[in-house]
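Novice: Pasting the sequence and the predicted coordinates here, then a few questions.
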Amino acid sequence: MPQVVPEAKGDFEATGSIQLRSFGATFDKYRVRSPSANLAVRTDGSWAGVLSGRAIDVSVDETTLRGVDLVLSRSESTPDNTVITGQFEGKMLRFEFDAKGARIRTPRFSNTYYGRFPKEGALNYGQGGEVTLKGEAASATPPWPQFALALVAAFEGDAAGGPNSSGHIGADGQVH
């Protein structure tokens, strides 16, 4: 039986974050965290934990993660375009980030944020900077599958009023 990697049991130091206003998710090499998500990589490379109140167990390859209730695919990942599509609980998801803006499509949340505004160590999307990617999330090719899992946690869990969505991401990038 695969076990959580030992590194996931130490202190959590976020290396990337996704924020929608004050809600969002953070991640490092071994974990994805938000008020509604606690996921970790296991010794066999699969990921498991809780996402929006549901147990998650997914296998991962270079472009896809698959499990019961969650399937995501990275269809494009270039320095100017990242597209992740899939399903969560049988409902369609689409996340697209490019030079023109960010398009977020989930059953609970659907919006387009026009414009990409780089800042030191971050990318802001939308005229008011409504969506912010920081650290590794703002890199030319965000880490897979952490980025994808954090997107689902941020937009289908926390911002959409999912279970335990009273928490927020602080200025320090940590879940509070």
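Specialist: Looks like it came in fine.
Novice: which residue sits closest to Q127, ignoring its sequence neighbours?
Specialist: The shortest distance from Q127 to any non-neighbouring residue, by Cβ to Cβ, 6 or more residues apart in numbering, is to G115 (6.0 Å). Bear in mind the C-beta positions are built from the backbone N, C-alpha and C, glycine included.
Novice: who touches that neighbour in this structure?
Specialist: K100, G101, Y125, G126, Q127 (Cβ atoms under 8 Å, 6 or more residues apart in numbering).
Novice: again, only this time at 7 Å
Specialist: Taking Cβ atoms under 7 Å, 6 or more residues apart in numbering as the contact definition, G115 lies against G101, Y125, G126, Q127.
Novice: and what of S75?
Specialist: Going by Cβ under 7 Å, 6+ apart, S75 touches V83, T85.
Novice: Relative to E13, how far out is it?
Specialist: Applying Cβ to Cβ, to the nearest Å, the value for S75 to E13 is 30 Å.
Novice: From P79, how far off is L51?
Specialist: 28 Å.
Novice: For those two, indicate the residue with more neighbours.
Specialist: Neighbours were counted for L51 and for P79 using other Cβ atoms under 10 Å; L51 has more, 28 against 10.
Novice: Skipping its backbone neighbours, what lies nearest that one in space?
Specialist: Excluding the flanking residues, the one nearest L51 by Cβ to Cβ, 6+ apart is A37, at 4.8 Å.
Novice: for the chain, what helix or strand is lowest in average pLDDT?
Specialist: strand 70-78 (a mean of 89; mean pLDDT, DSSP states H and E).
Novice: What is the burial count for the residue nearest to L51?
Specialist: For A37, using other Cβ under 10 Å, the count is 30.
Novice: How is the nearest residue to S36 once chain neighbours are set aside assigned, secondary-structure-wise?
Specialist: Spatial nearest neighbour of S36, excluding adjacent residues (Cβ to Cβ, 6+ apart): G157 at 3.3 Å. With DSSP: H, G, I helix; E, B strand; the rest coil as the basis, G157 sits in helix.
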